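Novice: Quick one, structure for this:
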Amino acid sequence: QLQLVESGGGLVQPGGSLRLSCAASGFTLDSYAIGWFRQAPGKEREGVSCISGSGSSTNYADSVKGRFTISRDNAKNTVYLQMNSLKPEDTAVYYCAAEKAHYTRVFCGLHEYHYWGRGTQVAVSS
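Specialist: Predicted coordinates:
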């Protein structure tokens, strides 16, 4: 059974850092594109970053460019989201999602992903 589990969330002060992990089980991650999404209270879920199966292609939302870095370790079947210079507006539940795709493809559309984790809470506050 294909499963994604996010971890690494927590409470951090503005300007701080967190690293989120998305661990996959039940399938081989390198055949899947991965996306990170977030949903703040009262807002729609939005794309944050995404990465191709090979890891060679990435995309970022404008709001996180230069602050967040997505990466993957296919040997560990895990994708990471390094978040630096966190702001209060980054507060949200963060989800990872997977979709089988050619290893070069990268896409960040919410509705392009079928497999989702349950999310991890990130709170940025002083």
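
Novice: what's the burial count for the nearest residue to Phe68 once chain neighbours are set aside?
Specialist: Once flanking residues are discounted, Phe68 sits nearest to Met83: 5.1 Å by Cβ to Cβ, 6 or more residues apart in numbering. C-beta: built from backbone N, CA, C; applies to glycine. Counted with other Cβ atoms under 10 Å, the burial measure for Met83 works out to 26 neighbours.

Novice: cool, Asp73 as well?
Specialist: Around Asp73 there are 12 residues (other Cβ under 10 Å).

Novice: my guess is it meets Ile51, correct?
Specialist: No: using Cβ atoms under 8 Å, Asp73 is not in contact with Ile51; the gap is 11.3 Å.

Novice: wait, isn't the residue nearest to Phe68 in contact with Gly10?
Specialist: No: in this structure Met83 lies outside contact range of Gly10 using Cβ under 8 Å: 10.9 Å.

Novice: which neighbours do those two share?
Specialist: When contacts are counted by Cβ atoms under 8 Å, 6 or more residues apart in numbering, Met83 and Gly10 are jointly contacted by 18, 122.
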